[in-house]
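**Q** Sequence plus predicted model, see below.
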Amino acid sequence: MTSKILKVVDFFCGAGGMTQGMKMAGLRVLAGIDIDPECEGTYRTNHPNSEFLLKDIKKLPSNFLKKKCGVEPDDDHLVFTGCSPCQYWTFLNTDKRSSAKTKGLLGEFWRFVRYYNPGYVVVENVPGIKTWSDKSGLDKFHARLEKKGYSVKMEVINAAYYGVPQSRKRFVLIASRVGKSIGIPRRTEKPALLKDFIGEHNGFPELKAGHRDSCNFMHTVSALSEKNLARLKSTTPDGGTRMAWKDNHELQLKTYRGRDNSFRDVYGRLRWNMPASTITTRFNGISNGRFAHPEEHRGLSLREGAALQTFANNYVFKSASIKAVARLIGNAVPPELARRIGMALSAG
């Protein structure tokens, strides 16, 4: 067991999911770094004892952290976490042009790892970063770590078996130059389930579509058109899909006529006794996947999405925009997954 508290610098910190998990594991987070001003208020509000640095790491000199935060090279108790924006390497069918500028951030992260030589390095990202490891820079990053004497463990895991109630496949890398026995946290035998995180029995009152919550709880739900509301009312509770109304010409979407096997989760309801779908940046819209409430005629609220990401109900998201909050939540590292990684570091 590490005798001294580990110190963390959280690169690409976003809303602070990794920071929160590391703190839950007993680690001290010195700073979070992110280029997105939208996450600044959320990070500062929830992590007042950690420095927030609104910076583009591509423009930062390597010695910046030494001057700004007193971070010293070759500190055995220093942890660098790098969870860079992952849209470019995702398997989702998205437009890659807007995210192309972020595809090389692993190389920029390496520049700081090389300069500071921290005791531990953590990377969390989409599985695509490993699938296309030659193009993403992962192969080079891995080789460089080993050349510097790090013991490297990496694996694609499903967060549902790490306390996160969603089927969320992620690539995790943990490297250590001081504890050779360190490894990926052990998965649980059974997955975390939706019913243990949301619902009235977990403090989420019943709502109607379009409800706006003015307090920090943010149990806010997107509005639905009359037709989409009719579609949900025709969808079987607890796991139903759009197949329930595929032969209803008033409700069926033109794009899916004769294409019953295409995007079957779209407009689908979540299931109480299963993990949720992957919480994306657009989880609050029922047309974006299986994101409808199991029973109520609405999509997920912002707070429900946060709960499925394992943020505590008192975690504050500072934005007046529903779209911006959903993006902060969907892009975050689930704090419970981060906590388990932090525990593995402390034990190594």
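**A** On my side now, so go ahead.
**Q** Tell me who's in contact with residue 213.
**A** By CB atoms under 8 Å, 6 or more residues apart in numbering, the contact list for residue 213 reads 219-220, 301-303. In this view, the C-beta of every residue, glycine as well, is placed from N, C-alpha and C.
**Q** Double-check residue 286 against residue 227; I have them as touching.
**A** No. Using CB atoms under 8 Å, residue 286 is not in contact with residue 227; the gap is 11.7 Å.
**Q** just the contacts of residue 213 now: which is nearest residue 259?
**A** Taking CB to CB as the measure, residue 259 lies nearest residue 301 of these, at 30.2 Å.
**Q** about what we covered before: which members of the contacts of residue 213 occur in strands, if any?
**A** With DSSP state E as the criterion, strands contain none of the contacts of residue 213.
**Q** which residue sits farthest out from the middle of this protein?
**A** In the chain, counting by CA atoms, centre = their mean, residue 249 sits farthest out from the average C-alpha position, at 37.8 Å.
**Q** Could you list the low-pLDDT ranges of the stretch 151-300 of the chain?
**A** Flagging of the stretch 151-300 of the chain using pLDDT under 70 yields the residue ranges 260-262.
**Q** How about the stretch 1-150 of the chain?
**A** Residues of the stretch 1-150 of the chain that meet the cut-off, pLDDT under 70, sit at 1-3, 86-103.
**Q** circling back: return the distance of the residue farthest from the centre of the chain relative to residue 52.
**A** Noted for residue 249: a distance of 53 Å to residue 52, by CB to CB, to the nearest Å.
**Q** How about residue 69?
**A** From residue 69 to residue 52 the distance is 11 Å (CB to CB).
**Q** So between these two, which is more surrounded?
**A** residue 52 (22 against 16; other CB atoms under 10 Å).
**Q** Look at the more buried one and tell me its secondary structure.
**A** strand (DSSP: H, G, I helix; E, B strand; the rest coil).
**Q** and the host helix or strand of residue 330, average pLDDT?
**A** Using DSSP states H and E, residue 330 maps to helix 322-331. What helix 322-331 shows for mean pLDDT is 97.
**Q** Now do it: which elements does it pack against?
**A** If you count contacts as 3 or more CB pairs under 8 Å, 6 or more residues apart in numbering; DSSP states H and E, helix 322-331 packs onto helix 302-308.
**Q** can you give me the strands for the stretch 151-300 of the chain?
**A** 151-158, 169-176 (DSSP state E, counting those that start in this stretch).
**Q** of all those strands, which lies closest to residue 183?
**A** Here strand 151-158 is closest among the strands of the stretch 151-300 of the chain (CB to CB), at 4.9 Å.
**Q** Tell me the buried residues in the closest one?
**A** 151-154, 157-158 (16 or more other CB atoms under 10 Å).
**Q** Ok, stretch 255-265 next?
**A** residue 256.
**Q** Need the CA coordinates for that stretch. CSV is fine.
**A** In CSV, the C-alpha atoms belonging to stretch 255-265 read as follows (Å, rounded to 0.1, in the frame of the first residue of the first chain):
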residue,chain,number,x,y,z
THR,A,255,-36.8,6.5,-42.8
TYR,A,256,-37.5,3.2,-41.0
ARG,A,257,-40.3,1.9,-43.2
GLY,A,258,-39.2,-1.5,-44.4
ARG,A,259,-36.1,-1.2,-42.3
ASP,A,260,-37.1,-2.9,-39.0
ASN,A,261,-33.5,-4.0,-38.2
SER,A,262,-31.9,-0.6,-38.6
PHE,A,263,-31.1,1.3,-35.4
ARG,A,264,-33.5,-0.7,-33.4
ASP,A,265,-32.7,1.1,-30.1
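**Q** which residues are contacting that stretch?
**A** Against stretch 255-265 from outside (CB under 8 Å, 6+ apart): 241-243, 246, 266, 277, 289-290.
**Q** From these, pick the one nearest residue 165.
**A** So of the contacts of stretch 255-265, ranked by how close each gets to residue 165 (CB to CB), first place is residue 277, at 10.6 Å.
**Q** so what's the closest one up against?
**A** Counting by CB under 8 Å, 6+ apart, residue 277 has contacts 166-167, 265, 270, 283, 289-291.
**Q** Give me the buried entries from those residues.
**A** 166-167, 270, 283, 289-291.
**Q** all strands of the stretch 1-150 of the chain, in order?
**A** Under DSSP E, counting those that start in this stretch, the stretch 1-150 of the chain gives strands at 7-11, 28-34, 51-54, 78-82, 120-125.
**Q** I'd like to know which of those strands is closest to residue 340.
**A** Taking the strands of the stretch 1-150 of the chain one by one with CB to CB, strand 120-125 is closest: 11.4 Å.
**Q** Okay, now the sheet partners of the closest one, with direction.
**A** Its sheet considered, strand 120-125 pairs with strand 78-82 (parallel), strand 169-176 (antiparallel) by DSSP bridges.
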